[in-house]
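K.L.:
Need coordinates for the following:
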Amino acid sequence: MTIRIWDAESGVSIGEPLKGHTRIVLSVSYSPDGRHIISGSDDQTIRMWDAGTGTSVGKPLEGHTRGVASVAYSPDGRHIISGSYDNTVRIWNAETGTIVDVPLEGHTGCVSSVAYSPDGQHIISGSHDNTIRIWNAETGAAVGKPLEGHTNWVRAVACSPNGWHIISGSDDRTIRIWDADTGVVVGDPLRGHADYVLSVAYTPDGRHIISGSGDNTIRIWNAETGAAVGEPLEGHTNWVWAVACSPNGRHIVSASGDKAIRTWDAKTGAAVGKPLEWHTQGVLSVAYSESGRHIISGSHDNTIRIWNAETGAAVGESFVGHTGAVRAVACSPNGRHIISGSDDRTIRIWDTETGVVVGDPLQGHDHYVLSVAYTPDGRHIISGSGDKTIRIWNAETGAAVGKPLEGHTNWVRAVACSPNGWHIISGSDDRTIRIWDADTGVVVGDPLRGHADYVLSVACTPDERHIISGSRDQTIRIWDAKTGAAVGTPLEGHTATVRAVACSPDGRRIASGSDDGTIRIWDVATGAVVGEPLKVHTEPVRSVAYSASGRHIISGSDDTTIQIWNADTDAVVSRHHQGCTEGAQQDSEGWVRDSEGGLLYWVSPDYRGGLHSPALLTIPVTSRLRPASLDVEDFAFGTSWIQIFNNS
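P.N.:
Numbers count the residues shown, from 1 in each chain. Sure thing, here's the model as predicted:
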């Protein structure tokens, strides 16, 4: 939601972040004189900033009815153009912020990129409808027919410095060059990227084209011949969303989903410049914090824990408050709060730093809360329950928003929100997946049918084009998010129920966890298994998640452990044992006995209400409930206690 200004030579951040947008910033641009910056956001507004002071100039430009995907200045700086998910292009007076005439309509999909011709007479737009359009900048009229040739979304457009050519980058993995006057394709498509082409730009002299891709690389192309120049620029570990060339043509700058901005020498292509032990019962859910610095886990022992993702050390004490198993956990986008859903039928919000419950439990479901998720902007919480409904909650007040979403005819096992926040996806024991409008709560289209048993997990790919589902029928399915049609055949390989699915941040891989005790990784494009199954867990795998960088996968299992895996090598990075006393139970007289009836310890009547599990007892200390973990892994009966006695 912020914009930052960086010193291009030193790489040092200049001043404070520019704050004002309430959702993610999708596009930025400098004014031709360098005095102002404009930004387009998923909050449906364009904002103007003073480049020198970082202060907001005037009011936000409002008019689009969906997120603003792209913004640009006219060459003379008098106008601003914007492209939006509402399928329109709008022209604004840069001085007054008012809309100039009516929206430019014609695209049937999101307008993902906009640009002016160098003379300012024409506007170029690229869209998810697979076409490029040219518009008269003065009248707003379409010039000629749409430029057709790409076979997938057009993500980026740019105009050559002399105005003779238009370039476009697409999800079909190609760059195309077009004659700006005739709209005819010039030469063959530029091929080389192994994934979506997300950004394109010309060098100032017009001799080279720069492209950034979902294959994590930048490529340089000869604009005249279309031949690749040198090797791909490698270093990013995630999609390259934006590329630009310095005014002197010496450097290329790139921005990536790996959270890094990199500078490259345009001539040479060289880069310029630089086990978790605590839970006492099975781990049902795991998630990474937005920063990737922490892992959150929820367990059958009714507690939530935070872990240092790098060291594996427990951070603080367990979060105690639920009176039933914690089925689901999620971290807020800003990392400040954790939410948990429990068999006690409530959702709780926790302060990440202090572990203290924030406000009262969210109550409304009349059965187990089986799944929870935040909307991408962090303003709402979504929950799915055994009462067959989905509920939306205000994350700040805890109040229910609207009525429950009803339609499923059995338990709702899984919920997820699309990355743009427009849709909610749910999976149910009625064997269907449903898509809901997040604003109205209305079902979008027909239920997605195909699984032969309960749907236990759902996820959305980062590009929002596909939905992933895991089922008790032992398969994973991929669905077209727009049409609801199944994509390809079911992904088969697991030999038991598929409990969990997750998509990698770059959208290229799926991780699945199963009752067969394994995690499998799948290629989204082909549906093929990648490598061998990840085998270490000895019990069902209940939850899987990718780290923000995509480098690691975490898994939680009924064997009471959390595993961290290297997503590239499949190797276990660290193993985290929870030290539970399996099979132990408390009898009517307060004795806790092992699975064979042996006495472990006796609990006073005063404290029996605080016994959450055989190894977790909440004892009143200075009027505050604190968890005391009783480690009985090395318990020995009778005189054999001397075998484990530590004299120190």
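K.L.:
Which elements pack onto the strand or helix carrying residue 219?
P.N.:
Using DSSP states H and E, residue 219 falls within strand 218-222. Here strand 218-222 touches strand 208-213, strand 251-256, going by 3 or more C-beta pairs under 8 Å, 6 or more residues apart in numbering; DSSP states H and E. For every residue, glycine as well, the C-beta is placed using N, CA and C.
K.L.:
Tally up the residues packed near residue 535, please.
P.N.:
12 (other C-beta atoms under 10 Å).
K.L.:
ok, for residue 166, nearest residue in space, not its chain neighbours?
P.N.:
residue 178 (4.4 Å; C-beta to C-beta, 6 or more residues apart in numbering).
K.L.:
Please read the previous query as pertaining to residue 451.
P.N.:
Nearest one to residue 451, counting by C-beta to C-beta, 6+ apart, is residue 471 at 4.1 Å.
K.L.:
doesn't residue 458 make contact with the one you found?
P.N.:
No: between residue 471 and residue 458 there is no contact, the gap being 10.1 Å when judged by C-beta atoms under 8 Å.
K.L.:
Pull up the gap between residue 538 and residue 320, please.
P.N.:
For residue 538, the distance to residue 320 equals 27 Å [C-beta to C-beta, to the nearest Å].
K.L.:
same question but for residue 391, I mixed them up
P.N.:
Distance, residue 391 to residue 320, using C-beta to C-beta: 24 Å.
K.L.:
pLDDT of the strand holding residue 219, averaged?
P.N.:
Averaged across strand 218-222, pLDDT comes to 94.
K.L.:
quick one: contacts of that strand?
P.N.:
Contacting residues not belonging to strand 218-222 are listed as 175, 190, 192-193, 207-213, 227-230, 232-233, 236, 240, 243, 252, 254, 264, 266, 269 [C-beta atoms under 8 Å, 6 or more residues apart in numbering].
K.L.:
per-domain residue ranges of the chain.
P.N.:
According to automatic domain parsing, the chain comprises the domains 2-272, 318-502+515-546, 585-643.
K.L.:
Which of those domains comes out lowest on mean pLDDT?
P.N.:
When the domains of the chain are ranked by mean pLDDT, domain 585-643 comes last with a mean of 51.
K.L.:
The nearest residue to residue 193 once chain neighbours are set aside bridge partners, please.
P.N.:
Spatial nearest neighbour of residue 193, excluding adjacent residues (C-beta to C-beta, 6+ apart): residue 213 at 4.1 Å. Beta-bridge pairing for residue 213 (DSSP bridges): residue 197.
K.L.:
Could you report the distance from the residue nearest to residue 448 when sequence neighbours are not counted to residue 460?
P.N.:
Leaving out its chain neighbours, the residue that sits closest to residue 448 by C-beta to C-beta, 6+ apart is residue 433, at 4.0 Å. As defined by C-beta to C-beta, residue 433 lies at a distance of 11 Å from residue 460.
K.L.:
Identify the contacts common to these two.
P.N.:
425, 467.
K.L.:
which one of the two has more residues nearby?
P.N.:
residue 433 (26 against 23).
K.L.:
what helices or strands is the helix or strand in which that one is found leaning on?
P.N.:
Residue 433 belongs to strand 432-437 when assigned by DSSP H and E. Packing partners of strand 432-437 (3+ C-beta pairs under 8 Å, 6+ apart): strand 423-428, strand 448-449, strand 455-460, strand 466-471.
K.L.:
mind listing what's buried in stretch 125-141?
P.N.:
Residues of stretch 125-141 classed as buried: 125-135, 137, 140 (neighbour count, 16 or more other C-beta atoms under 10 Å).
K.L.:
Hmm, residue 473 is touching residue 456, no?
P.N.:
No: at 9.9 Å, residue 473 does not count as touching residue 456 under the criterion of C-beta under 8 Å.
K.L.:
Next, format the helices and strands packed on strand 432-437 as a markdown table and append distance to residue 41.
P.N.:
As requested, the helices and strands packed on strand 432-437 are arranged in a markdown table below (distance: least, C-beta to C-beta, whole Å):
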| stretch | distance to residue 41 |
| --- | --- |
| strand 423-428 | 19 |
| strand 448-449 | 31 |
| strand 455-460 | 21 |
| strand 466-471 | 25 |
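K.L.:
Out of those strands, flag the one nearest residue 203.
P.N.:
Ranking these by their distance to residue 203 (criterion: C-beta to C-beta) puts strand 466-471 first, at 35.1 Å.
K.L.:
The closest one relative to strand 455-460, how many degrees between them?
P.N.:
Relative orientation of strand 466-471 versus strand 455-460 (axes from the mean of the first three to the mean of the last three C-alpha atoms, to 10 degrees): 160 degrees.
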